[in-house]
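Please find the sequence and the predicted model below.
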Amino acid sequence: MTVVLQVTDPVLHSFAAEVGRVDPVAVRGGGTRWEVGGPLGEGTRIVEAPSGIVEYAPAEMTVKVRAGTSVAALEQALAEKGQRSALPVRGGTVGGAIAVGEDHVEVLGRGQVRDSVLQVRYVSSEGRLVTGGGPVVKNVSGFNIPKLITGSLGTLGLIAEVVLRTNPIPAVSRWVASSDVDPFAVPDAVLRPSAMLHDGDTTFVLLEGYEPDVNSELQRLRTAGDFFDVAAPPPLPEHRWSMPPADLRHLDTTQTGAAVASIGVGRVWAECPPPSRTFDPVIDLISARTKANFDPTGRLNPGRRP
């Protein structure tokens, strides 16, 4: 569902006016993933999205928040009601995390960012406020603008406000690790971990839920290897790679440098940036047509490529 009109918030209208409709423009959040997608075109004007939590409905497990709000501030507000989001806490903003499309390291437990965005309000290349999606979990059918905007690096619209799905903070969260287990045997040994990481030497697993269930899962894990408690997962290197989960078995550290792989997700954090990818010509054609439909003059985040 896409609606152009009926946005009454003066803060959002002020942001849309600042974006305007003529010159190249981009939104900068916390800058933690500023170089993702390539360097920004020279002469691009930089603006900041509005911030603040607009409406939080714990019983509905949804929160309406402006894009310039820091993820840390959002998580603090949600935690007061025993909830959390799917966004990564790495010093960035809500809009930046959604524009990059980066999941939390605990994605298996928190869910994907792309699935958590229920509604998005963004400023189009014509300077108009556009609403896509709906503010409830049971949404109407139609063209899924939130999923399209998520991960688009601001090349289709500049995010102003979103409605996010939240989820409860588990009663128990317990990180355990093993240095003598096959990391690819872990998914068969445990029912539903919130994260499974491997740094080349040690496998880290996050178990969450009620205490009896976590204890039971730990006993299952210990049939595959000698697991012990750890305070936290390993530190994640700077660069984020995506690859088919099966390829993680043959990860080439001569290309990645030191790396931490997310088992079952198809994601790696590495010392080295990922190589340039060659896309199928059909994907290139679809991307170009989508960009032309949303931003015919190419003024939104010029130089970026999702």
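That came in fine, so what should we check first?

Name the nearest residue to the residue located most distally from the centre of the chain, ignoring sequence neighbours.
Relative to the C-alpha centroid of the chain, counting by CA atoms, centre = their mean, Thr223 is the outermost residue, at 33.4 Å. Leaving aside its chain neighbours, Thr223 sits nearest to Ala189 (6.2 Å; criterion: CB to CB, 6 or more residues apart in numbering). Where you see a C-beta, it was placed from the backbone N, CA and C, and this is true even at glycine.

which residues touch the one you found?
220-221, 223-224 (CB atoms under 8 Å, 6 or more residues apart in numbering).

Which among those count as buried?
Among these, those buried by neighbour count (16 or more other CB atoms under 10 Å) are 221, 224.

CSV for the contacts of Ala189, including distance to Lys81?
Below are these laid out as CSV (distance: CB to CB, whole Å):
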residue, distance to Lys81
Arg220, 32
Leu221, 31
Thr223, 37
Ala224, 36
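
Let me know the closest of the contacts of Ala189 to Leu12.
Comparing the contacts of Ala189 against Leu12 with CB to CB places Leu221 closest, at 47.5 Å.

In this structure the closest one contacts Val176, no?
Yes: contact criterion CB atoms under 8 Å: Leu221 and Val176 qualify, at 6.8 Å.

From Pro50, how far out is the residue most central in space within the chain?
For the chain, the residue sitting closest to the mean C-alpha position, by CA atoms, centre = their mean, is Glu102 at 2.9 Å. Distance of Glu102 to Pro50, computed by CB to CB, to the nearest Å: 22 Å.

Could you list the residues in contact with stretch 32-49?
By CB under 8 Å, 6+ apart, the surrounding residues in contact with stretch 32-49 are 15, 18-19, 23-29, 66-68, 90-93, 95-96, 100, 102, 153, 155, 158-160, 301-306.

so where does Ser173 fall, helix or strand?
Here Ser173, judged by DSSP states H and E, is contained in strand 172-178.

Could I get the average pLDDT for that strand?
Regarding strand 172-178, the rounded mean pLDDT is 97.

what pairs with it, and is each one parallel or antiparallel?
Strand 172-178 has its sheet partners listed here by DSSP bridges as strand 203-209 (antiparallel), strand 228-229 (antiparallel).

Return the first one as CSV; C-alpha atoms alone will do.
So the one you mean is strand 203-209. Output in CSV follows, covering the C-alpha atoms of strand 203-209 (Å, rounded to 0.1, in the frame of the first residue of the first chain):
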residue,chain,number,x,y,z
THR,A,203,32.1,-21.8,17.9
PHE,A,204,29.8,-19.4,19.9
VAL,A,205,26.1,-20.1,20.4
LEU,A,206,23.4,-17.9,22.0
LEU,A,207,20.7,-19.7,23.8
GLU,A,208,17.6,-17.7,24.8
GLY,A,209,14.2,-18.4,26.4
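
Which helix or strand lies directly C-terminal to that strand?
helix 211-221.

for the stretch 101-250 of the chain, what spans make up the strands?
Along the stretch 101-250 of the chain, the segments classed as strands by DSSP state E, counting those that start in this stretch run 117-123, 129-133, 158-165, 167-168, 172-178, 195-198, 203-209, 228-229, 239-242.

tell me the contacts of Ser85?
Ser85 sits next to 63, 71, 74-75, 78, 110, 116, 164-167 when contact means CB under 8 Å, 6+ apart.

Over to Glu55?
By CB under 8 Å, 6+ apart, the neighbours of Glu55 are 63-64.

and it, what element?
strand 53-57.
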